[in-house]
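>>> Pasted the sequence and its predicted model underneath.
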Amino acid sequence: MNKGLPSETQEYLNQLREDIVFSEKLCGHDLKFHTTWGLFSPKGVDEGSRLLLDLMEIKEDDDSIDLGCGYGPLGLTMAKLAPKGKHLLVDKDFVAIEYSQMNARLNRLDNTEVFLSNGFNQVGDRRFDLIVSNLPAKTGKELYYLYFYDALARLNPGGRIYVVTISGLRKFVGRAFKEVFGNYKKVKQGKVYTVAMAVKT
């Protein structure tokens, strides 16, 4: 409590500290989210994540990881779409992890696990059929290479990686996927976002 502030200002600050709560229909499933200021796209699921979810292919028993999960829209939707799989959500931001854990409980998704990890560094030797990430736009290419090579090591044979990026990164992602995975598919390119995928052969 900040003493001496006008009551209107104090009321406004108290409102900002409250959770932002909204519901979204993602891939035909109704999901409820709690978020907070400081997390990516806190007032609603962003266009890039929606695009990725609409375009990715997932089987009901796929095991997945959401790399950089934020408050969980990608990972929790995959948990809905693949109820027989196990789904891991990781982020390097402890606030994101708290909200992903809360949202997993809120949506009764018991086939999920959420924990703090800088990329894959706390994931151990777990293997996945599907890796997804809404890649941050202002991260250096060095980090992308770490993500991609670590993803290659943890994909099962035939496993897929899907990423959504701002379209300005599409050529870099294409080159990097060919270098790391030996293949690349531009799933969809829009004015703002591009979804790309590769397969571990």
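Noted; the coordinates are in hand. Numbering: from 1, shown residues only.
>>> Next, the residue nearest to the spatial centre of the chain: phi, psi?
Nearest to the geometric centre of the chain sits residue 69, at 3.6 Å (C-alpha atoms, centre = their mean). Geometry field for residue 69 lists phi and psi as phi -70, psi -20, criterion degrees, to the nearest 10.
>>> On the pLDDT front, check it for me.
Listed pLDDT for residue 69 reads 98.
>>> To which secondary structure element is the closest residue to it other than its chain neighbours assigned?
Nearest residue to residue 69, sequence neighbours excluded (C-beta to C-beta, 6 or more residues apart in numbering): residue 89, at 3.8 Å. Just so you know, the C-beta spots here come from the backbone N, C-alpha and C atoms, and that holds for glycine as well. Assigned by DSSP states H and E, residue 89 falls within strand 87-91.
>>> ok, the residue nearest to residue 69 - contacts?
Going by C-beta atoms under 8 Å, 6 or more residues apart in numbering, residue 89 touches 65, 66, 69, 72, 75, 76, 97, 100, 104, 112, 113, 114.
>>> hang on, the earlier thing: walk me through which strands the strand holding residue 89 pairs with, and which way each runs.
strand 64-67 (parallel), strand 112-116 (parallel) (DSSP bridges).
>>> List the buried residues for the last one?
The reference is to strand 112-116. By neighbour count on 16 or more other C-beta atoms under 10 Å, the buried set for strand 112-116 is 112, 113, 114.
>>> Can you add pLDDT and distance to residue 195 and give those residues back as a markdown table?
Shown next, in a markdown table, are the buried residues of strand 112-116 (pLDDT from 0 to 100; distance: C-beta to C-beta, whole Å):
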| residue | pLDDT | distance to residue 195 |
| --- | --- | --- |
| 112 | 98 | 23 |
| 113 | 98 | 25 |
| 114 | 98 | 24 |
